[in-house]
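> Build me a model from this:
(2 chains)
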Amino acid sequence: MLLVNQIRENYIGVLEGLQKRNFPNAETVLKQALELDDLRKSTQTQRDQIQAESNSISKQIGMLMKEGKKEEAEQAKNRTAEIKVQIKELEEQNSTAEEELKALLYTIPNVPHSSVPAGKSAEDNEVVLEHGTIPELHADKQPHWELIKKYDIIDFDLGVKITGAGFPVYKGKGARLQRALINFFLDEALAAGFTEVQPPILVNEDSGYGTGQLPDKEGQMYFATADNLYLIPTAEVPITNLYRDVILSEEDLPIRNVGYTPCFRREAGSWGAHVRGLNRLHQFDKVEIVQITHPDKSYEALESMSAYVQSLLQKLELPYRVLRLCGGDMGFTSALTYDMEVFSAAQERWLEVSSVSNFETYQTNRLKLRFKGSDKKTQLAHSLNGSALALPRIVAAILENNQTPDGIKMPKVLQPYLGFDKI
RNA sequence: AGAGGAGUGGCAGAGUGGUCGAUUGCGGCGGUCUUGAAAACCGUUGUACCGCGAGGUACCGGGGGUUCGAAUCCCUCCUCCUCUGCCA
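Next up is the predicted model:
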């Protein structure tokens, strides 16, 4: 969430940023936040003063009791009765103001970076670059949802039987392709200097709030009611929360982690014509990279993460493009997001396979993720993450783009992992 | 899952109702001494909020309560340890 001081000190900048996102009633909301903060401060000042008085009376009573002056002590007690009532009242006002402020701040999205284009929807995203050539396929080309049946490598019906729609079963070479991609992505990340972590895939409520899935996207996560745990929608949640309530030292930065996890998304109400087959699932696999950086270095880190993700796509020989998301299409918590899309030659459309974002202090403020610099001051770090990569659409693109009448060719880099070169 | 025990500052570990943000040791930082280092000695050593400042308030696993006053008493939740049970 935004810092109140950020709103106070850079009111115009924050306001303009929110307008770039088409955030409704930005001005009203920001003013309300400042008012609630003022109320929070003034009630705390009063409360603290009265509390100080109460504390000193209590000390006096202690002294009097020790000296055996019981009557005087009793008198002093009478005075505290009144104070107690006042403290309780002020305390309530203070905590109400604080809670309302927090609730309000939760509803305000991050302020976009200056380079983020204005815009309302995906159509206004800026194409930063395109890479690779779109393959010319034979006349009988098929979309991946036909190919997986033809070669019997991914079975949606079987998934329906044991779980439900959107939970495919990978079989034979399909399963091996999944495993090869996961290992390839992890090995590449290790070579690029990331540290591998294997986090839990169920998280508690605090973690959900820490990275911003709660309260914003509550309905999108599966929830284990008996234990109050959420199934993670992305490894970003557990990996970033590793550093919740942590004060790092400056030399620990940057922290660069990579993790593979399955991801679970309810995707309530988001099914439509373009989400057949692997395009949208309730459970899918993803390798995620997460960085915690010094505030001065986060955009540098973002560029390097973008370059890293592109290197994966290049090695997989997939044609891709990079988008800079516009204000209206960007995620709630992000300040700048690059989407990587691969071209799916049978569907003849671009598929998002990665999203690389800088959250600046939006997450770290919630997480209380700080670092202590050489000046011994603690300040919020910046957090970033990106998919590197999400499997299903990569699989879709590999299957579709590499199909031939004699089978589906596997990218060279995967062959050592696969143990075969063709499906 | 049941029974018992325990959770205190970076770590170890005192403190069982009042002057305790908390004895002490280790570690860290600064200094004295030294050519330098070690040792010794001296000093210092958390976080957040409020306040222009002096300073104040809060925090002893989390939350709630009793009391003029809680690290200390009560309730509740969480976590860890031991034993029993179950189990990959």
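
> what ranges of the stretch 201-350 of chain A fall below the confidence cut-off?
A:268-274 (pLDDT under 70).

> Tell me which stretches of it form helices.
Ranges of helices in the stretch 201-350 of chain A, per DSSP state H, counting those that start in this stretch, are A:205-211, A:236-241, A:298-315.

> RNA strand B is nearest to which of those helices?
helix A:205-211 (9.9 Å; C-beta to the nearest atom of the strand). Every C-beta, even on glycine, is put in place using the N, C-alpha and C of the backbone.

> Now do the buried residues in the closest one.
For helix A:205-211, the neighbour count (16 or more other C-beta atoms under 10 Å) marks A:207-211 as buried.

> and it, how far out from the chain's middle?
Centroid separation for helix A:205-211 versus its chain: 10 Å, with C-alpha atoms, centre = their mean, to the nearest Å.

> can you list contacts of it?
Here helix A:205-211 makes contact (C-beta atoms under 8 Å, 6 or more residues apart in numbering) with A:214-215, A:218, A:221, A:228, A:230, A:236-238, A:240-241, A:244, A:333, A:363, A:366-367.

> Among those residues, the buried ones, what's the PyMOL command?
In PyMOL, a selection of the buried entries from those looks like this (16+ other C-beta under 10 Å):
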select buried, chain A and resi 214+221+230+236+237+238+240+241+244+333+363+366+367
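
> Which pair of the contacts of helix A:205-211 spans the longest distance?
Spatial extent of the contacts of helix A:205-211 (C-beta to C-beta) is set by the pair A:Asn228 and A:Thr333 at 22.7 Å.

> Show me which residues of the stretch 101-250 of chain A sit near RNA strand B.
Contact residues (C-beta under 7 Å from any atom of the strand) of the stretch 101-250 of chain A with RNA strand B: A:Ile247.

> where do the strands sit along the stretch 101-250 of chain A?
A:126-131, A:154-155, A:169-170, A:195-196, A:202-203, A:223-224, A:229-231, A:246-249 (DSSP state E, counting those that start in this stretch).

> helices or strands next to the longest one in the packing?
Counting contacts by 3 or more C-beta pairs under 8 Å, 6 or more residues apart in numbering; DSSP states H and E, strand A:126-131 packs against helix A:298-315, strand A:320-324.

> With distance to RNA strand B as extra columns, can I get those in TSV?
Converted to TSV, these look like this (distance: least, C-beta to the nearest atom of the strand, whole Å):
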stretch	distance to RNA strand B
helix A:298-315	19
strand A:320-324	33
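
> Serialize the ones you listed to CSV and add fields for mean neighbour count.
Below are the helices and strands packed on strand A:126-131 laid out as CSV (neighbours: other C-beta atoms under 10 Å):
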stretch, mean neighbour count
helix A:298-315, 19
strand A:320-324, 20
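
> export these to JSON lines and tack on distance to A:His138?
Below are those laid out as JSON lines (distance: least, C-beta to C-beta, whole Å):
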{"stretch": "helix A:298-315", "distance to A:His138": "24"}
{"stretch": "strand A:320-324", "distance to A:His138": "22"}
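
> Any idea which of those gets closest to A:Val275?
The nearest among those, by C-beta to C-beta, is strand A:320-324 at 19.1 Å.

> For A:Ser306, give its distance to A:Gln142.
Between A:Ser306 and A:Gln142 the computed distance is 32 Å (C-beta to C-beta, to the nearest Å).
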